[in-house]
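Enquirer: Any chance you could fold what I've pasted below:
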Amino acid sequence: MLLYELVSKIKDTNILITGVTGFIGHALYKSISSSEEFNVIGVARRRNRNSSLKSKFKYVDDIGPNSDWKECINDMDTIFHLAGKAHDVKEETEEHRAEYMHVNAEGTLNLARQAAAAGVRRFIFISSIKVNGNFTKNDSSYTSSSIPAPLGPYAKSKEIAEVGLRKLADETEMEVVIIRPSLVYGPGVKGNFKTLLRFINIGIPIPLGLATKNKRSFVGIDNLIELLIISVNHPAAANKTFLVSDDNDISTYELVKLLRNLSKSRAIIVPIPIFFLKFFGKLFGLEDSLQTLLASLKVDISDTKAILQWTPSNSFEEGIRKMIHEESSKKNFL
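Expert: Numbering: from 1, shown residues only. Take a look at the predicted model:
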């Protein structure tokens, strides 16, 4: 089903989107608020204000256990909660651990409790596949029924939020939907994905020619937005947890090759032995970044497709092609 057809089905729903200036929040807001028929309010932190997004905006200085959301949630039917402290492997101090808990766990549950008290019908929480773990072994995949195994304070804060939300759903009339996306890509992507794309576009040799045995799941931003919009009204989504991907797993080598070919880059893919890459990563403190590139992380979205009667509309290659086209048109792409 086309995105505009999905959006038209929720035009009588009052929607609040937190984290509206973030990568996913920005795309979701633009998709839903394209017509004045929709009552969509975006919430952002004042210091991250994004003037390119126009319409009804509210601002909060803090997302924590004591934040007052009354002015934001009155008369809302659905809340998409995307705001949070993003994962950063460099932030492993006690102070940063406390901030993950303050924002991602306590802040989420504070908002959800106030939403339930205000009569919000459905609370959609964008969690993380890291709640399942950082990688999958052999040919296995994470499923919606896999036992959570979060590693690190970011993933643990997300799991704590999930547990609290399920408990709240049992105790109140508010429905909860939990979404755990695999690695999200698309126009505006940041982090390792953007860095890799830049290196390829510049023509820097990429030492991942032997990274052929791992398999990773990705989800294009358009496919993720589809699923989020479906989750607003679908009766079977209530109080469920969904994993989401493009339903196409590829190796790191296949990813690099596709990025290079679609970018029409002359970058050489160099066959460096994996053990040498791991040694190099350990030597220069790049172990976490290299694990993202070299390890497997597969998700099985069979339950998601069956329960929601949904399949990703865009193929992985289509999503990558669109991302490259839009990113390459930016002046600061390099």
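
Enquirer: Excluding chain neighbours, what is closest to Val184?
Expert: If the residues on either side of it in the chain are set aside, Val184 comes closest to Val219, at 5.5 Å by CB to CB, 6 or more residues apart in numbering. Glycine gets a C-beta too; all of them are placed from N, C-alpha and C.

Enquirer: residues touching the one you found, list them.
Expert: Pro181, Ser182, Leu183, Val184, Tyr185, Val244, Ser245, Asp246, Pro312 (CB atoms under 8 Å, 6 or more residues apart in numbering).

Enquirer: can you confirm it is in a strand?
Expert: Yes. Secondary structure assignment (DSSP: H, G, I helix; E, B strand; the rest coil) places Val219 inside a strand.

Enquirer: Could you measure from it over to Phe193?
Expert: 12 Å (CB to CB, to the nearest Å).

Enquirer: Spit out the residues that contact these two alike.
Expert: Going by CB under 8 Å, 6+ apart, residues that sit against Val219 and also against Phe193 are Leu183, Tyr185.

Enquirer: before we move on, the earlier item: now rank the contacts of Val219 by neighbours and give me the top one.
Expert: Highest neighbour count within the contacts of Val219, by other CB atoms under 10 Å: Ser245, with 29 neighbours.

Enquirer: now that one, nearest residue through space, not along the chain?
Expert: Ser217 (4.0 Å).

Enquirer: Which pLDDT value belongs to that neighbour?
Expert: We have a pLDDT of 96 for Ser217.

Enquirer: I'd say it and Leu255 touch.
Expert: No. The criterion here is CB atoms under 8 Å, and Ser217 misses it with Leu255 at 11.3 Å.

Enquirer: Neighbour count: those two, which is higher?
Expert: Neighbour totals were compared for Ser217 and Leu255, and Ser217 leads with 26 against 20 (other CB under 10 Å).

Enquirer: What distance do you get for that one to Leu297?
Expert: Taking CB to CB, one finds Ser217 at 6 Å from Leu297.

Enquirer: between those two, what contacts are shared?
Expert: Counting by CB under 8 Å, 6+ apart, the residues touching both Ser217 and Leu297 are Ile129, Ser182, Leu183.

Enquirer: Closest one to Met174 out of these, please.
Expert: Ile129 (24.4 Å; CB to CB).

Enquirer: how close does the closest one sit to Val270?
Expert: Taken as CB to CB, the span from Ile129 to Val270 is 29 Å.

Enquirer: Looking at the two, which one has more neighbours?
Expert: A count of neighbours by other CB under 10 Å puts Ile129 above the other of Ile129 and Val270, at 24 against 11.
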